[in-house]
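Asks: Output the structure for:
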Amino acid sequence: MDTYEISDANEPPRRKTPSSLVWNVLTIVVLVTILCVVSVFLLIFVNPYSGINPFPPPTLYPSMIPPTMTVTPRFTLVPSWTPTKIIAPSTSTPEATNIPESTPVAPASTSTLEVISSTPAGGFSFVPRQGSPSAIDGATFHPDVGCNWSGVAGQATSLNGESVRGLFVQLGGSMPGVESVDKLAMTGLAAQYGAGGFEFTLADKPVASSGTLWIQLFDQQNLPLSDRIYFDTYDDCQLNLIIIYFDQVK
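Replies: The predicted structure is shown next:
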């Protein structure tokens, strides 16, 4: 037994075989490969859009933000007429002429001229034209509706007789079946009555009322240009359209 142990101790060290060298090289290659793979995974995890990622995620587009709503006026106001101040020419009074006493002279007759002011009470710039309001057959302007409609319409004209556009027209009051009427229109939007025409629909049939509805003109600063004009309506298919024309007087 002792002889065997002595012989092992004296045995020279074994040389590494070529196969063990190959395994060592393969081990190193595997370790390096694992290190590279881990590095690649870390890079992809930090930056998924990196060029080394064979399956990059889809590109994120900026979120669509709905456009901000912009308030649009219902209609564009056309330039309003400019009031023109009219200065009445002064009338000079002739001086009295001395007449000789010896000459008999018949007394001169003096006639007093009545001055009619064109400025209405209240100082409004527009007044209803003579004959307005008036009732006519609505088929004149709406032949397709027949008796299934009633309304009020008209237009505004300036001092020189031209149509005035861009004035607000308010319809107010009450009528049978409607406790309160409050509508707004603008001259120039109903050209069938003239370039400065306007129109309101009252009902889908003729309705009779007596002085409970009124109409009034306003400028673009919401200042009244006319007094409230009260009118009647009729339960008659031949009188289902009320016409009111406004004329400028100053």
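Asks: tell me the domain ranges of this protein?
Replies: Split into domains by automatic domain parsing, the chain comes to 20-60, 126-248.
Asks: out of these, deepest packed?
Replies: Highest mean neighbour count among the domains of the chain (mean count of other Cβ atoms under 10 Å): domain 126-248, with a mean of 17. Backbone N, C-alpha and C define where each C-beta goes, glycine included.
Asks: End to end on that domain, go ahead and measure it.
Replies: Domain 126-248 has an end-to-end distance of 4 Å (criterion: Cα to Cα, to the nearest Å).
Asks: tell me which helix or strand of the protein sits lowest on mean pLDDT?
Replies: None of the helices or strands of the chain scores lower by mean pLDDT, DSSP states H and E than helix 2-9, at a mean of 51.
Asks: pLDDT of the next helix or strand after that one, averaged?
Replies: Counting by DSSP states H and E, the next helix or strand C-terminal to helix 2-9 is helix 18-46. Averaging pLDDT along helix 18-46 yields 86.
Asks: Beyond helix 18-46, next helix or strand please.
Replies: Beyond helix 18-46 toward the C-terminal end (DSSP H and E), the next one is strand 126-128.
Asks: what does that following strand contact?
Replies: The contact list for strand 126-128 (Cβ atoms under 8 Å, 6 or more residues apart in numbering) reads 120, 156, 217, 225-227, 229, 244-249.
Asks: next SSE after it?
Replies: Heading C-terminal from strand 126-128 (DSSP H and E), you reach strand 134-136.
Asks: what lines up beside that next one in the sheet?
Replies: Strand pairing for strand 134-136, using DSSP bridges, gives strand 241-248 (antiparallel).
Asks: Contacts for the strand it pairs with, please.
Replies: With contact meaning Cβ under 8 Å, 6+ apart, strand 241-248 is reached by 81, 125-129, 132-138, 140-142, 150-159, 164, 193, 215, 217, 226, 229, 231-233.
Asks: can you check stretch 129-139 too?
Replies: With contacts defined as Cβ under 8 Å, 6+ apart, stretch 129-139 is touched by 145-146, 149-152, 154, 229, 231-234, 236-247.
Asks: Alpha carbons of stretch 186-206, as PDB, please.
Replies: The C-alpha trace of stretch 186-206 is given here as PDB (Å, rounded to 0.1, in the frame of the first residue of the first chain):
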ATOM      1  CA  MET A 186     -82.000  93.000 -40.300                       C
ATOM      2  CA  THR A 187     -82.800  95.300 -43.300                       C
ATOM      3  CA  GLY A 188     -81.300  94.000 -46.500                       C
ATOM      4  CA  LEU A 189     -81.900  90.300 -45.800                       C
ATOM      5  CA  ALA A 190     -85.300  90.100 -47.600                       C
ATOM      6  CA  ALA A 191     -84.500  91.400 -51.100                       C
ATOM      7  CA  GLN A 192     -88.000  90.600 -52.400                       C
ATOM      8  CA  TYR A 193     -89.300  93.700 -50.600                       C
ATOM      9  CA  GLY A 194     -86.400  95.900 -51.800                       C
ATOM     10  CA  ALA A 195     -82.700  96.200 -51.200                       C
ATOM     11  CA  GLY A 196     -83.400  97.300 -47.600                       C
ATOM     12  CA  GLY A 197     -86.100  94.700 -47.000                       C
ATOM     13  CA  PHE A 198     -86.900  92.700 -43.900                       C
ATOM     14  CA  GLU A 199     -89.400  90.000 -43.000                       C
ATOM     15  CA  PHE A 200     -90.800  88.100 -40.000                       C
ATOM     16  CA  THR A 201     -93.000  85.000 -39.900                       C
ATOM     17  CA  LEU A 202     -95.800  85.300 -37.400                       C
ATOM     18  CA  ALA A 203     -97.600  81.900 -37.700                       C
ATOM     19  CA  ASP A 204     -98.400  79.100 -40.000                       C
ATOM     20  CA  LYS A 205    -101.900  80.500 -40.600                       C
ATOM     21  CA  PRO A 206    -103.600  83.900 -40.500                       C
END
